[in-house]
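Participant: Below are the sequence and a predicted model; questions follow.
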Amino acid sequence: MTLVPFIALWTASWWAYSVGLLWLSALIAIPAAAFLVRAFMIQHDCGHGSFLSNRQVSDWVGRILGVLTLTPYGVWKRTHALHHATCGNLDRRGIGDIDTLTIAEYANLSRLRRWAYRVYRHPLVLFGFGPAYLFFIQQRVPVGLMRSGWGPWISSQGTNVSIAAGVGGLMWLMGPAAFAFVYLPIMLLAASTGVWLFYVQHQFEHTSWAEGDRWKYVDAALNGSSFYDLPPVLHWFTANIGVHHVHHLCSRVPYHRLMSVLNEFPELRNTSRITLGQSFRMVRLTLWDDQRRILVSFAEAESRLMQESLQERQRAVRAPG
């Protein structure tokens, strides 16, 4: 129900290109990208060992899908496990997360590094250039696991060789121009959608971040991961990944059972719930306010920093001597 429609849409897009209907070929990229997103989510379940009962078969399905999604399965599986183990932990940021600074950390940066962080958090970078860089360039080497032995390198380079063989074969069959016109829109749309989903799953106003003994796994799962309440058709294409708080609470629940968990425990429907309309307002949230325990915008953070600076000056003026 995923690969067959994807291949059919790819073929239809190629046919449209070959007869000069470039607009139709580009339009077909939208549903094709949706099926590619679903393929990635199935690969995601393989990484958690929840897609099939046989772990070896599940891993091989994940490796094959990793060629299609440009994601080395072995590397991603390990870094994603780290993400689950450290989600919302301010002391263990760095792998499998969207970089998020506290207001205090941002205030201590140099002017150049503040500018760099602002550029990084700009929507055009996060959901445009960023996904393209992540899937086409960064994932060609085992970032985060460079010194973790041969395993990550075998995974990444094995995937690279398989991708090169597939791309070379399709270019020979279709021609380079046709391949690029059909493939790039599909991959770029899917990559941006995947990053968007990951963003909304953790970057919302009342998410949960904590440090030291204040960090608790269950709290990070239920309150630091959202329930992205999408229309049913989008839940299907995203393999219910929007039920992310339940997934983080128990990653062995397969995607086709996540909605059943919500039905069995209806109180979870209102836990960290975000609608499709609400999610677009989350883009402005960029810094963790360690006093109010919420994510805030650059404007809100700078307002707080200005108030603190003013209060500091007032205290200095009132100080004796």
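Facilitator: Sure, I can see it. Numbers count the residues shown, from 1 in each chain.
Participant: State the distance from the residue nearest to residue 78 when sequence neighbours are not counted to residue 46.
Facilitator: Closest residue to residue 78 apart from its sequence neighbours, by C-beta to C-beta, 6 or more residues apart in numbering: residue 145 at 6.2 Å. All C-beta atoms are positioned from the backbone trio N, CA, C, and that covers glycine. Look at residue 145 and residue 46: by C-beta to C-beta, to the nearest Å, they are 18 Å apart.
Participant: Looking only at neighbour counts, state which of the two leads.
Facilitator: Neighbour totals were compared for residue 145 and residue 46, and residue 46 leads with 24 against 20 (other C-beta atoms under 10 Å).
Participant: so that one touches residue 69, yeah?
Facilitator: No: applying C-beta atoms under 8 Å as the test, residue 46 and residue 69 come out as separate, 11.3 Å apart.
Participant: Reduced to three states, what does the residue nearest to residue 100 when sequence neighbours are not counted come out as?
Facilitator: Nearest non-adjacent residue to residue 100, counting by C-beta to C-beta, 6+ apart: residue 288, 5.9 Å away. Taking DSSP: H, G, I helix; E, B strand; the rest coil as the rule, one finds residue 288 in the strand state.
Participant: cool, and residue 240?
Facilitator: The three-state assignment at residue 240 reads coil, by three-state DSSP.
Participant: Assess the claim that it and residue 260 are in contact.
Facilitator: No: here residue 240 does not reach residue 260: they are 9.8 Å apart, not a contact under C-beta under 8 Å.
Participant: Can you pick out the residue with more neighbours from those two?
Facilitator: In this view residue 240 and residue 260 are compared by other C-beta under 10 Å, and residue 240 has more residues nearby, 26 against 13.
Participant: Can you name the residues that contact that one?
Facilitator: Neighbour list for residue 240: 255, 256, 258, 259 [criterion: C-beta atoms under 8 Å, 6 or more residues apart in numbering].
Participant: The residue sitting nearest the centre point of the chain is in what secondary structure piece?
Facilitator: For the chain, residue 198 is the residue whose C-alpha lies nearest the centre (C-alpha atoms, centre = their mean; 3.0 Å). Assigned by DSSP states H and E, residue 198 falls within helix 176-202.
Participant: returning to that earlier point: starting from residue 86, give me the distance back to the residue nearest to the centre of the chain.
Facilitator: With distances taken as C-beta to C-beta, residue 198 is found 15 Å from residue 86.
Participant: cool, residue 241 as well?
Facilitator: 19 Å.
Participant: ok, the two, which is more surrounded?
Facilitator: Neighbours were counted for residue 241 and for residue 86 using other C-beta under 10 Å; residue 241 has more, 23 against 19.
Participant: Okay, that one and residue 105: tell me how far apart.
Facilitator: The gap separating residue 241 from residue 105 is 29 Å, by C-beta to C-beta.
Participant: what does residue 229 give?
Facilitator: According to C-beta to C-beta, residue 229 stands 32 Å off from residue 105.
Participant: which of those two has more neighbours?
Facilitator: Shown here are residue 229 and residue 105; by other C-beta under 10 Å, residue 229 has more neighbours (18 against 14).
Participant: where does that one fall, phi/psi-wise?
Facilitator: phi -80, psi 90 (degrees, to the nearest 10).
Participant: For it, which residues are in contact?
Facilitator: By C-beta under 8 Å, 6+ apart, residue 229 lies in contact with 242, 269, 273, 274, 275, 276.
Participant: repeat that with 10 Å
Facilitator: Residue 229 makes contacts with 235, 242, 243, 262, 269, 270, 273, 274, 275, 276, 278, 279, as judged by C-beta atoms under 10 Å, 6 or more residues apart in numbering.
Participant: Neighbour-wise, which one of those residues leads?
Facilitator: Result: residue 243 is most packed of those (other C-beta under 10 Å), 28 neighbours.
Participant: Can you read off the pLDDT for the nearest residue to residue 284 once chain neighbours are set aside?
Facilitator: Nearest residue to residue 284, sequence neighbours excluded (C-beta to C-beta, 6+ apart): residue 297, at 4.5 Å. Per-residue confidence (pLDDT) for residue 297: 95.
Participant: residue contacts, residue 297?
Facilitator: The neighbours of residue 297, taking C-beta under 10 Å, 6+ apart as the test, are 121, 205, 283, 284, 285, 286, 287, 303.
Participant: Nearest to residue 9 among these?
Facilitator: Nearest to residue 9 among these: residue 283, at 28.9 Å, using C-beta to C-beta.
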